[in-house]
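[1] Fold the stuff below for me.
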Amino acid sequence: MAAEPCGRVNPQLLRTETGLSKQRINHSLKQLQAAGWITKRTRALYDLVDEAGEHISDAPAAVDGGLLDGWEPDTDANAERARAETQRVYEWLRERGSRYSKSEIIDGCGPDEGVDYWWRAVVRAGLGELVEREKVEYRSGHHDYKALE
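    Just a heads-up that it's a prediction; the model follows:
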């Protein structure tokens, strides 16, 4: 279920209110969007949601009974979003049954914006946890991932 917006902004308002550069505002908005703290309504309008991550209605709540239950990322990413996005990537890997590199994973199921943050803070940390839980295999020499179940 989508959370109700508790604030709405556009980049021009943020520049006016903060005095920050256009580049800094746009970069920050992309990072906030990738982390799940805001949603993009239109080209230049963003909603802040009450609790980041709750607006992600298309991400699975759990895979195989909670593949990442109890895991908290050691990044600044929202934990709920990190679990949901990692589980979505895990399902994508599992459906395909082969090995995939970072760039192939991003091309196959990454977001349109904020890709670097999505990978670094949201998904890579979760895939690392799944490697430790022996649900995903990572080959460091090849830098690729494969779902084991």
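[2] Contacts for stretch 110-125, please.
    Contact partners of stretch 110-125, identified using Cβ atoms under 8 Å, 6 or more residues apart in numbering, comprise 30-31, 33-35, 40, 73-77, 81-82, 85-86, 89, 102, 105-106. In short, each C-beta sits where N, CA and C put it, glycine included.
[3] Which of those residues fall in helices?
    The helices, defined by DSSP state H, take in 30-31, 33-35, 81-82, 85-86, 89, 102, 105-106 from those.
[4] just the buried members of those?
    Taking 16 or more other Cβ atoms under 10 Å as the criterion, what is buried in these is 30-31, 33-35, 81-82, 85-86, 89, 105-106.
[5] Now do the contacts for the nearest residue in space to Arg83 that is not next to it in sequence.
    Nearest residue to Arg83, sequence neighbours excluded (Cβ to Cβ, 6 or more residues apart in numbering): Leu68, at 4.4 Å. Each residue near Leu68 by Cβ under 8 Å, 6+ apart is listed here: 83, 86-87, 126, 129-130.
[6] sorry, back to before: can I get the buried ones among the ones in helices among the contacts of stretch 110-125 in CSV including pLDDT and distance to Arg139?
    What follows is these, written out as CSV (pLDDT from 0 to 100; distance: Cβ to Cβ, whole Å):
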residue, pLDDT, distance to Arg139
Lys30, 81, 30
Gln31, 79, 29
Gln33, 78, 31
Ala34, 77, 26
Ala35, 75, 28
Arg81, 83, 27
Ala82, 87, 23
Glu85, 89, 22
Thr86, 92, 18
Val89, 94, 16
Ile105, 94, 14
Ile106, 91, 18
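[7] for this protein, what spans make up the helices?
    All helices of the chain, identified by DSSP H, fall at 11-18, 22-35, 79-96, 102-109, 115-117, 124-132.
[8] Show me the beta-bridge partners of the closest residue to Gly7 other than its chain neighbours.
    Nearest residue to Gly7 in three dimensions, chain neighbours excluded: Leu48, at 3.9 Å (Cβ to Cβ, 6+ apart). Going by DSSP bridges, Leu48 is paired in beta bridges with Gly7, Ile38.
[9] any idea how far Leu48 lies from Gln33?
    Separation of Leu48 from Gln33 (Cβ to Cβ, to the nearest Å) stands at 11 Å.
[10] what is Thr42 paired to in the beta sheet?
    Beta-bridge partners, per DSSP bridges, of Thr42: Leu45.
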